[in-house]
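K.L.:
Starting from these lines, generate the structure:
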Amino acid sequence: MNSSRFCSLLFSWYDLNKRDLPWRNEKDPYKIWISEIILQQTRVNQGWDYYLHFIERFPDMLAIYQGGEEEVLKYWQGLGYYTRARNIYAAAVYIIETQKGVFPKTYNELLKIKGVGEYTAAAIASFAFGLPHAVIDGNVMRVISRIWGIYDPIDSSIGKKKIKEIANRLISKTKPGIFNQAIMDFGAIHCRPLNPHCQTCPFATNCHANKHFEQENLPVKQHKTKVRNRYFYYFHIENENFTYLQKRNQQDIWKGLYEFPLLETSKPITENEILASSYLNSLLDTQQINIQHITPPIKHVLSHQVITAVFVALHTKENILSENIIRIHKQELDKYPISRLIEKYLEKRK
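P.N.:
From the prediction side, this is the model:
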């Protein structure tokens, strides 16, 4: 099937079925960039409100630059994959300080922005500047793998190269932005991972997977991500109207976010072991403590990790002195960016 025929069928489908998204028809490269970063690891229905909220607070690159990293992280709270937020701030510093605040306008220049890979660069280039660079996301890989019968794994260099070559051959040179939006929507709505709508598919007579009943076998993946189990014991310590936080600075999940003092173990421990831990004793020394509540284990699932968390709420009459821990008023908690795990715990405490 040649490019002209493919685009004709795809555009006809898109005219009738395209999704109504707040960033659709947007030409501002800044807003397109933010929407694409949000959608990297977030479903559209979840990302929609976050996008509107984020753009309201940061209407342009300068607002991000002036707001600072912690403010960006606070507005990202709950979206997860916080490296995306840190990269957004780093990109704002780069563009304001080295590019005089001008957003890059070519594919290769876009790739120089921290956190912008081939997919995001192609999206911005095509949507904002009308450049013919095909976006390659999971939806696009699934559509092309099925129609052209690509059995090379989509997470292999060979599979990625084949799909990219086909997509860049097919892309409309006059309407590249519409092409990219249409093929992604087609994969999300019609050529779904499970139960694709093959009976009403405009490509049914040309589709390898449909003709050979291979829908469940395509696309092919070669690697399965190993899941890591971690055990977190948080100490929600209150002293009069104050509580204590620490900032995660290590190269790990939630870097840059705040949390209660944390004991991490390699396996589950008992309540007695929690209270007798050297970490808790080092925090409180000889202080008298009053245990208020210990939660049952809470499971928090991330893409490559499963966190089993226990929160220990306790009162102490004396101030805690520790180099890495800050003392804040309880009413100021909402000013600090925290993980969704801690946010959910606090919501239940209200």
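K.L.:
In this protein, where is pLDDT below threshold?
P.N.:
Scanning the chain for pLDDT under 70 picks out the ranges 286.
K.L.:
Need the residue closest to the centroid of it.
P.N.:
residue 41 (3.4 Å; CA atoms, centre = their mean).
K.L.:
Not counting its neighbours along the chain, what's nearest that residue?
P.N.:
Distances taken as CB to CB, 6 or more residues apart in numbering place residue 81 nearest to residue 41, at 4.5 Å, with adjacent residues excluded. (Each C-beta comes from the backbone N, C-alpha and C, glycine too.)
K.L.:
right, and that neighbour touches residue 40 too?
P.N.:
Yes: Residue 81 lies in contact with residue 40 (CB atoms under 8 Å); the separation is 7.3 Å.
K.L.:
Domains of this protein: list them as residue ranges, please.
P.N.:
Listed domain ranges for the chain are 3-211, 228-349 (source: automatic domain parsing).
K.L.:
and residue 81 and residue 40? which has more neighbours close in?
P.N.:
Neighbours were counted for residue 81 and for residue 40 using other CB atoms under 10 Å; residue 81 has more, 17 against 14.
K.L.:
From residue 73, how far off is that one?
P.N.:
12 Å (CB to CB, to the nearest Å).
K.L.:
and what of residue 316?
P.N.:
Distance from residue 316 to residue 73, by CB to CB: 29 Å.
K.L.:
out of the two, which sits in the more crowded spot?
P.N.:
residue 73 (22 against 17).
K.L.:
Nearest residue to residue 112 in space, please, no chain neighbours.
P.N.:
Spatially, and ignoring its direct neighbours in sequence, residue 112 is nearest to residue 104 (6.9 Å; CB to CB, 6+ apart).
K.L.:
Could you give the backbone dihedrals for that neighbour?
P.N.:
phi -60, psi 150 (degrees, to the nearest 10).
K.L.:
who's in contact with it?
P.N.:
By CB atoms under 8 Å, 6 or more residues apart in numbering, the residues touching residue 104 are 29, 95, 110, 112, 113.
K.L.:
from what I can see residue 113 touches residue 95, true?
P.N.:
Yes: using CB under 8 Å, residue 113 is in contact with residue 95, at 7.3 Å.
K.L.:
if we can go back for a sec, separation between the residue nearest to residue 112 and residue 124?
P.N.:
Applying CB to CB to residue 104 and residue 124 gives a distance of 8 Å.
K.L.:
Please identify every residue contacting each of these two.
P.N.:
29, 110.
K.L.:
quick one: contacts of stretch 254-272?
P.N.:
Contacts for stretch 254-272 (CB under 8 Å, 6+ apart): 69-70, 73, 77, 82-83, 85-86, 230-237, 243-249, 274, 277, 279-280, 283, 294, 297, 308, 311, 322, 325, 336-339, 342.
K.L.:
try stretch 140-153
P.N.:
For stretch 140-153, using CB under 8 Å, 6+ apart, the contacting residues are 1, 134, 154, 158-159, 162-163, 166-167, 183-184, 186-187, 191, 193, 196, 203, 206-210, 212, 214-215, 218-223.
K.L.:
how about that stretch: buried residues?
P.N.:
140, 141, 142, 143, 144, 145, 146, 147, 148, 150, 152, 153 (16 or more other CB atoms under 10 Å).
K.L.:
export the residues you listed to TSV and tack on secondary structure and distance to residue 90?
P.N.:
Output for the buried residues of stretch 140-153, formatted as TSV (DSSP: H, G, I helix; E, B strand; the rest coil; distance: CB to CB, whole Å):
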residue	secondary structure	distance to residue 90
140	helix	27
141	helix	28
142	helix	32
143	helix	33
144	helix	33
145	helix	34
146	helix	37
147	helix	38
148	helix	38
150	coil	35
152	coil	34
153	coil	32
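K.L.:
helix, strand or coil for the closest residue to residue 295 other than its chain neighbours?
P.N.:
The shortest distance from residue 295 to any non-neighbouring residue, by CB to CB, 6+ apart, is to residue 311 (4.6 Å). Here residue 311 is recorded as strand under DSSP: H, G, I helix; E, B strand; the rest coil.
K.L.:
ok, what's across the strand from residue 311?
P.N.:
residue 234 (DSSP bridges).
K.L.:
Report the contact partners of it.
P.N.:
By CB under 8 Å, 6+ apart, the neighbours of residue 311 are 234, 236, 260, 293, 294, 295, 298, 345.
K.L.:
The first one contacts residue 314, correct?
P.N.:
No: no contact is recorded between residue 234 and residue 314 when judged using CB under 8 Å, the distance being 10.9 Å.
K.L.:
Please compare those two by neighbour count and tell me which comes out ahead.
P.N.:
Taking neighbours as other CB under 10 Å, residue 234 and residue 314 compare with residue 234 leading, 21 against 18.
K.L.:
For residue 259, see how far away the more buried one is.
P.N.:
Taken as CB to CB, the span from residue 234 to residue 259 is 7 Å.
K.L.:
Overlap in contacts, the two.
P.N.:
With CB under 8 Å, 6+ apart as the test, residue 234 and residue 259 both reach residue 342.
K.L.:
now the helices: where do they sit in the stretch 151-300 of the chain?
P.N.:
For the stretch 151-300 of the chain, the helices defined by DSSP state H, counting those that start in this stretch cover 157-170, 176-189, 208-211, 271-275, 278-284.
K.L.:
Tell me which of those sits most buried.
P.N.:
With neighbours taken as mean count of other CB atoms under 10 Å, those reach their highest mean count in helix 176-189, at a mean of 22.
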